[in-house]
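J.: mind looking at a prediction? Sequence and model below.
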Amino acid sequence: MTEPPPSSMARYGVWYVLALILLLSIFQYYSAMQQSVEISYSEFRHLVQIKGVDDLVVSTDSITGSLLPKGVDELAKERKKPDLPQTLEKQFDKKKPIFSAVRLEDQDLVKLLAKDNISYRAVQEKTWLTSLLAWVFPFLLLIGIWVYFFRKIGSGAGGLMTVGKSKAKVYVQDETKVTFQDVAGVEEAEEELKEIIEFLKTPAKFQVLGGNLPKGVLLVGPPGTGKTLLARAVAGEAGVPFMSLSGSDFVEMFVGVGAARVRDLFATAQEKAPCIIFIDELDAIGKARGLSPMGGPEERENTLNQLLSEMDGFDTRKGVIIMAATNRPEILDPALIRPGRFDRHILVDRPSLKGREDILKIHTRNIKISPEANLHTLAARTPGMVGSDLANIVNEAALLAARRNKSSVEMDDFEAAIDRVVAGLEKRNRVMNPREKEIVAYHETGHALVAEALPTTDRVHRVSIIPRGIGALGYTMQLPTEDRYLMTKTELEDRMAVMMGGRVAEELTFNEISTGAQNDLYRATDIARSMVREYGMSEHLGPITFERERRPLFLDTMLSPGSKDYSEATALEIDQEVAALLNRAHQRAKDVLEKDREVLEKAAKILLEKEVLEGEELREILNSHGQEQTA
Ligand code: ADP
Ligand code: MG
Ligand code: ZN
């Protein structure tokens, strides 16, 4: 919060100079007007003829000189202004009145002047002041306009003069009072962050051991789940400064500014160590290079490259941890998530039933709620909602209660607030209706049961019907028991069967299929196609690969059609083989699930109720069911 006050002299100096020059020139213009009588060229010639002028100064485009009394009288007569001599006398205060006329192209002017013996001299037009006005002034005006527009554009960046100076706000500890007490429902993420806190508290301990600490921690999760909050809580828990910047702050109009900011941010962090650098919305700068449809923003790439090189040249042991948050990890540049950069990913997922209750508890801490209000019931009514939604609900409810002149927030205020927030969310397609929820529960249970039944697949880690991301309404998470580099044909086939499990469960239970399996089918098809085309795993086609080296996409489309190096007949066979593999996987899933419909029912019902099933719980259901069967 300690941003230095912008130096006003530096910022407004240009404006002061411009205003001064403008005033000067106006003054000059008016005083010149005051000191001379403007006459036309014809009047001037006439006055020359009657010898009414003297001491002429002839320049390239004007003539000035003094008006003799004879001339003044003549002018008064010509202009039919009898009081002209008096006015001029007053204005010029006993000096000879000065006139000025615009000069016309006049061949015999000189002859005329010589004839009448009038003294005259010629001057070069430009005095220093006129040249200043003629050249410097427009130039300054241009600069002024330029400055003005860029300040408008870069106003978010604090103007031209502060460009490149990082806007990282240094939150000193007493300002970041956020701790883990203020975060709920993301216990796993908290657990993973504890090591980081430990390190920030006593970097020396880790320096001695010389262990390899994570440099970058990436918080991944849907919007509103508390990523920003969690990052600040880490700083709060460790009691270190927290320098936070949003990815979009780096993206600037000016070339090189984003990169300068990154440099600046890291330099400041080194001074303040131990501390946390937090880059919110990393995707704004971290988008994969060359992903932009315009092919344009080199600037973002510069920033990204700077960030990468700063991270590389960074010694973690000094006690600086770089944290970042994104809700779109899939579009990040692969270079960003390589080891040594943001290599530790922490999932900040949508909260479970219990998590939602805890979050509601946190947000109702400072609110008077009536004793009969039940936060558990509220949590049960808000599946799929994230922390910010719940905070919003509590706030709405408090406002409603106040409007209804109540002394505490009651259940119906909460209910009304939920309805209101849900209505907003439904537009964004994030809350499922009960029917959808049921379908998703059976679908996910289907995946999980097939995964548990087949020998080569990874054990189920967790099944959830809490929607996450944009596409997925639920998920079944399997944890590999070991690192794999090779996969056998059986394993691939088992994997495909698991993917089919979701759809098969829907078929069996509802006699109907939904669009929910689209991603499963996509992935299964991908596997099947690779098996046939790349790995030569099709019995029918034999050990042969049809995969050419991948060319850039545009080349491919330019060269095809007709660039396939196999015949149409083979293409048909490939398609048939892929379809056969998929059908077989479907049948295998069906065999598994049909064998024991009851366990599907039972597990799905429990999942529907609890929203999340840990792998252990699922296996318990399976075991107890097996015992019931044999008993
Ligand atoms: P994100 O950065 O993931 O989009 P934020 O951290 O900005 O989400 O969360 C916005 C607000 O929602 C927080 O300030 C907090 O009030 C509330 N909130 C979100 N998640 C949680 C949570 N897990 N526990 C408590 N409050 C939360
Ligand atoms: Mg955020
Ligand atoms: Zn699925």
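T.: On my side now, so go ahead. Residues are numbered from 1 along each chain as shown. Ligands and ions are numbered 1, 2, ... in the order given.
J.: all strands for the stretch 51-200 of the chain, in order.
T.: With DSSP state E, counting those that start in this stretch, the ranges of strands along the stretch 51-200 of the chain come out as 53-58, 62-67, 98-102, 120-122, 169-171.
J.: among the ones you listed, which is nearest ligand 1?
T.: Across those, ligand 1 has its closest neighbour in strand 169-171 (14.3 Å, Cβ to the nearest ligand atom). Backbone N, C-alpha and C define where each C-beta goes, glycine included.
J.: now do the closest one, average pLDDT.
T.: Across strand 169-171, the average pLDDT comes to 51.
J.: ligand 3 is nearest to which of the strands of the stretch 51-200 of the chain?
T.: strand 169-171 (41.9 Å; Cβ to the ion).
J.: burial count for the residue in the chain that ligand 1 sits nearest to?
T.: Residue of the chain nearest ligand 1, by Cβ to the nearest ligand atom: residue 387 (2.0 Å). Using other Cβ atoms under 10 Å, residue 387 has 27 neighbouring residues.
J.: how near is the nearest residue to it once chain neighbours are set aside to residue 325?
T.: Spatial nearest neighbour of residue 387, excluding adjacent residues (Cβ to Cβ, 6 or more residues apart in numbering): residue 226 at 4.4 Å. The gap separating residue 226 from residue 325 is 10 Å, by Cβ to Cβ, to the nearest Å.
J.: shared neighbours of the two, anything?
T.: Common neighbours of residue 226 and residue 325, using Cβ atoms under 8 Å, 6 or more residues apart in numbering, are residue 348.
J.: with neighbour numbers in mind, choose between the two.
T.: Taking neighbours as other Cβ under 10 Å, residue 226 and residue 325 compare with residue 325 leading, 28 against 25.
J.: show me what the helix or strand that one falls within is packed up against.
T.: According to DSSP states H and E, residue 325 maps onto strand 320-326. Judged by 3 or more Cβ pairs under 8 Å, 6 or more residues apart in numbering; DSSP states H and E, strand 320-326 is in contact with helix 187-201, strand 216-220, helix 227-238, strand 275-280, helix 283-286.
J.: for the spatially closest residue to residue 621 that is not a sequence neighbour, give me the pLDDT.
T.: Leaving aside its chain neighbours, residue 621 sits nearest to residue 603 (5.2 Å; criterion: Cβ to Cβ, 6+ apart). Here the pLDDT value assigned to residue 603 is 94.
J.: what separates residue 603 from residue 513, distance-wise?
T.: Applying Cβ to Cβ to residue 603 and residue 513 gives a distance of 20 Å.
J.: got it, and residue 328?
T.: Distance from residue 328 to residue 513, by Cβ to Cβ: 29 Å.
J.: surely residue 537 is within a strand?
T.: No - Residue 537 is assigned coil when assessed by DSSP: H, G, I helix; E, B strand; the rest coil, not a strand.
J.: pretty sure it is touching residue 489, no?
T.: Yes - counting by Cβ atoms under 8 Å, residue 537 does reach residue 489; the two are 5.1 Å apart.
J.: of those two, which one has the most company?
T.: Just comparing residue 537 and residue 489: by other Cβ under 10 Å the higher neighbour count belongs to residue 537, 19 against 12.
J.: what residues are up against that one?
T.: Per Cβ under 8 Å, 6+ apart, neighbours of residue 537: 489, 492, 531.
J.: quick one: low-confidence ranges for the stretch 1-150 of the chain?
T.: The stretch 1-150 of the chain contains residues with pLDDT under 70 at 1-14, 29-35, 125-128, 131.
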